[in-house]
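1. structure of the sequence below:
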Amino acid sequence: MPDLRVTAEGMTRTDTRERGRAAFTAGAWGEAYAHLAAADLDAPLDPADLERLGIAAWLTGRGAESLELLERLHHAWLAAGETDRAARAAVWLAVRFGFQGEAARSGGWVARAQRLVDGGGGGGGDTVERGYLLFPQALRAIRENDAATAHRLFCEMAGTGERFGDRELTLFGRLGEGRSLIRLGEVSRGMALLDEVMVGVTAGEAPPVSVGDIYCSVIDACDETFDVRRAQEWTSALIRWTEAQPQASPYRGSCLIRRAEVLLLHGEWSGAAGELERACDCLAGPPVHQAIGAAWYRLAELHRLRGEDEQAEELYRRGSRWGRDPHPGLALLRLAQGRVDVAAAAIRPVVAEARNPRMRAADLSACVEIMLAANDPGAARTAADELTRLAEALGAPLLRAMAAQATGAVLLAEHEPQAALAALREAAAGWRALEAPHQAACTQVLIGLAHRAMGDEDTAAIELETVRHAFAALGATPDVRRVQALCGPVDAPAQRGSLTVREVEVLRLIATGRTNRGIAERLGISEKTVARHVSNIFTKLGLSTRAAATAYAFQHDLLPSST
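-> Okay, here's the model as predicted:
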């Protein structure tokens, strides 16, 4: 007589596996994981089901567990005598560990995959696994800044994929080929290849396990080339894909940072904060990913824009501990706090360094703002001119808007308001085309000041009042205070009465263009005392730059009769 209990248990395990397979086929990744994991507890899964469980784990955000399952899969295929499949699992382990920065483990899996592909003795024919084996090698070349070698390997990889009809291998090969071309300076060709890859992805040619990685890599390339429009387009496409598969979690930490940057640019600050917090959670590990420094830096930037100084400073420092330079953000925070000399001292060595174009553009833009506040228009002009050259070299609309804004600000400081207005209008049009409300509003402040410098107070007042509402809608509290100080009419006697006699003297000398050292020499006090007076003035009047202080002094007849 059969043992009915055992038979029932066997049927239960079979049913659980079948439900897991059905859920996997339907793209219900959470259900697939739950059922297959339960079945695996009862009895080890066969390699095919183990592979499904690993993919479901990866797609539901269980990165560490998916790696363990991939190692099990490698050994399961070896035990089954399927050396080609074991080699492919070893390749994906090498790729994953490489992305985590674990070079030694990645190299070990590459060596094992190579041995399996060669049949243990240097032999072996032309197989699709040889194409996959090129993947970790090409990624290593990219990390070593050898874009030419990476391009050759990715091209060979894509060719192998086409020869064997493996669309996943082909797409990853073309993806790497495009990104290598960008690194080689052939941006148009590279982006065209990435667009071709994305057409394949949106057509369903890539397996679900690869979709998120491909999307994120393309969005990262858009960030690298300042291509905001493409980043927005492909980010929207990724959102549509995830909405169609609600149980999938294709975003990885770095991709979340890129998505947050798009949201931040478009003024969706609450959404950006949510994405950055998710990125920090994702990258916190274990193991902690190096990119967490960039996530904390971006979150610090958001707090700075909102005027949440303490939170911003803590996050800049936290990011710095993980390798992300706290500047230019921290320098801009010091500027907003009225500590102009500190900001200037911080930004000078940053600009002197050779950094990648993405960071370089942000450094130069901040340098212009800080050097103008520090009454060093020469340094500001040098930074603005370099930013213009960078914009001309890369041709990105984002860079062109940044460069035009910087040029306009410098021209305004050089007492050429008409020329400044032309540059600033170009910048404003660029920011509006990019749907970047905060940057557009910052440019509009300068436009208002340009009109004021030309004696057109009515237009200046309209521009400044309009932009004050724009900043308020964004939650940009420091900018609101800054514009309120520039807007008229203001109760000048009340405002002036909040300053001490010495602070009024310092404000008048700021308006003449003197540095802190020059003011100290004129008044016979120390630079440290001047810095304290400047900080007090900025705090009391709601100002953040020396240019704003000069405008305030002009508006309220505080200019000295002689210098």
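
2. gap between stretch 136-153 and the chain center?
-> Averaging C-alpha positions (CA atoms, centre = their mean, to the nearest Å) puts stretch 136-153 23 Å from its chain's average.

3. what are the buried residues along it?
-> By neighbour count on 16 or more other CB atoms under 10 Å, the buried set for stretch 136-153 is 136-142, 146-147, 149-153. No exception for glycine: its C-beta is placed from N, CA and C like everyone else's.

4. using CSV, write out every CA atom in it.
-> The C-alpha coordinates for stretch 136-153 follow below in CSV (Å, rounded to 0.1, in the frame of the first residue of the first chain):
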residue,chain,number,x,y,z
PRO,A,136,33.9,41.0,-18.6
GLN,A,137,37.1,41.7,-20.5
ALA,A,138,35.6,44.6,-22.4
LEU,A,139,34.1,46.0,-19.1
ARG,A,140,37.6,45.8,-17.5
ALA,A,141,39.0,47.8,-20.4
ILE,A,142,36.4,50.5,-19.9
ARG,A,143,37.3,50.7,-16.2
GLU,A,144,40.9,51.0,-17.1
ASN,A,145,40.0,53.9,-19.5
ASP,A,146,41.1,51.9,-22.5
ALA,A,147,38.2,52.8,-24.8
ALA,A,148,39.9,51.6,-28.0
THR,A,149,40.4,48.0,-26.6
ALA,A,150,36.9,48.0,-25.2
HIS,A,151,35.4,49.1,-28.5
ARG,A,152,37.2,46.3,-30.3
LEU,A,153,36.0,43.7,-27.8
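
5. circling back to that earlier point, export the buried residues of stretch 136-153 as JSON lines, with columns for distance to D46, pLDDT and secondary structure.
-> Shown next, in JSON lines, are the buried residues of stretch 136-153 (distance: CB to CB, whole Å; pLDDT from 0 to 100; DSSP: H, G, I helix; E, B strand; the rest coil):
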{"residue": "P136", "distance to D46": "27", "pLDDT": "93", "secondary structure": "helix"}
{"residue": "Q137", "distance to D46": "31", "pLDDT": "93", "secondary structure": "helix"}
{"residue": "A138", "distance to D46": "32", "pLDDT": "95", "secondary structure": "helix"}
{"residue": "L139", "distance to D46": "31", "pLDDT": "92", "secondary structure": "helix"}
{"residue": "R140", "distance to D46": "33", "pLDDT": "91", "secondary structure": "helix"}
{"residue": "A141", "distance to D46": "37", "pLDDT": "94", "secondary structure": "helix"}
{"residue": "I142", "distance to D46": "36", "pLDDT": "91", "secondary structure": "helix"}
{"residue": "D146", "distance to D46": "41", "pLDDT": "95", "secondary structure": "coil"}
{"residue": "A147", "distance to D46": "42", "pLDDT": "95", "secondary structure": "helix"}
{"residue": "T149", "distance to D46": "39", "pLDDT": "97", "secondary structure": "helix"}
{"residue": "A150", "distance to D46": "37", "pLDDT": "96", "secondary structure": "helix"}
{"residue": "H151", "distance to D46": "40", "pLDDT": "97", "secondary structure": "helix"}
{"residue": "R152", "distance to D46": "39", "pLDDT": "97", "secondary structure": "helix"}
{"residue": "L153", "distance to D46": "34", "pLDDT": "97", "secondary structure": "helix"}
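
6. which single one of these is nearest to A384?
-> A147 (29.9 Å; CB to CB).

7. wait, that closest one sits on S180?
-> Yes. With contact defined as CB atoms under 8 Å, A147 reaches S180; the gap is 5.0 Å.

8. contacts only, for A403.
-> 384, 387-388, 390-391 (CB atoms under 8 Å, 6 or more residues apart in numbering).

9. hmm, try it at 10 Å
-> 361, 364-365, 368, 384-392, 423, 426-427, 430 (CB atoms under 10 Å, 6 or more residues apart in numbering).

10. which of the residues you listed are buried?
-> Using 16+ other CB under 10 Å, the buried ones in the contacts of A403 are 361, 364-365, 368, 384-388, 390-391, 423, 426-427, 430.

11. could you give the separation of the helix or strand where P349 lies from the chain centroid?
-> If you go by DSSP states H and E, P349 is part of helix 340-352. Helix 340-352 sits 23 Å away from the centroid of its parent chain (CA atoms, centre = their mean).

12. can you list the buried residues in it?
-> 340-344, 346-348, 350-351.

13. thinking again about what came up before, L464: which of the buried ones among the contacts of A403 is nearest?
-> A427 (16.8 Å).

14. ok, the nearest residue to A476 once chain neighbours are set aside to A147 distance?
-> Distances taken as CB to CB, 6 or more residues apart in numbering place L305 nearest to A476, at 5.5 Å, with adjacent residues excluded. Using CB to CB, to the nearest Å, we find L305 at a distance of 35 Å from A147.

15. kindly report the same for E369.
-> 33 Å.

16. likewise A361?
-> Counting by CB to CB, the gap from A361 to A147 is 20 Å.

17. also A406?
-> 30 Å.

18. apart from its neighbours in sequence, what residue is nearest E177?
-> F154 (4.2 Å).

19. residues contacting that neighbour?
-> So, once contact is read as CB under 10 Å, 6+ apart, F154 ends up touching 134-135, 137-139, 141-142, 172-181, 193.

20. let's see 7 Å
-> By CB atoms under 7 Å, 6 or more residues apart in numbering, the contact set of F154 is 138, 173, 176-177, 180.

21. those in helices, which ones?
-> 138, 173, 176-177, 180 (DSSP state H).

22. now the two most distant members of these.
-> G173 and S180 (10.5 Å).

23. neighbour count for the two, which is higher?
-> Between G173 and S180, counted using other CB atoms under 10 Å, the more crowded position is G173 (28 against 25).

24. from R546, how far off is the residue lying closest to that one once chain neighbours are set aside?
-> Distance criterion CB to CB, 6+ apart; nearest residue to G173, sequence neighbours excluded, is A158 at 2.8 Å. According to CB to CB, A158 stands 55 Å off from R546.

25. name the spans of the stretch 351-500 of the chain whose pLDDT lies under the cut-off.
-> The stretch 351-500 of the chain contains residues with pLDDT under 70 at 488-498.

26. and the next helix or strand past the helix or strand of the chain with the lowest mean pLDDT?
-> Here the helix or strand of the chain ranked lowest by mean pLDDT, DSSP states H and E is helix 492-497, holding a mean of 44. Once the chain leaves helix 492-497, the next helix or strand it forms, by DSSP H and E, is helix 501-511.
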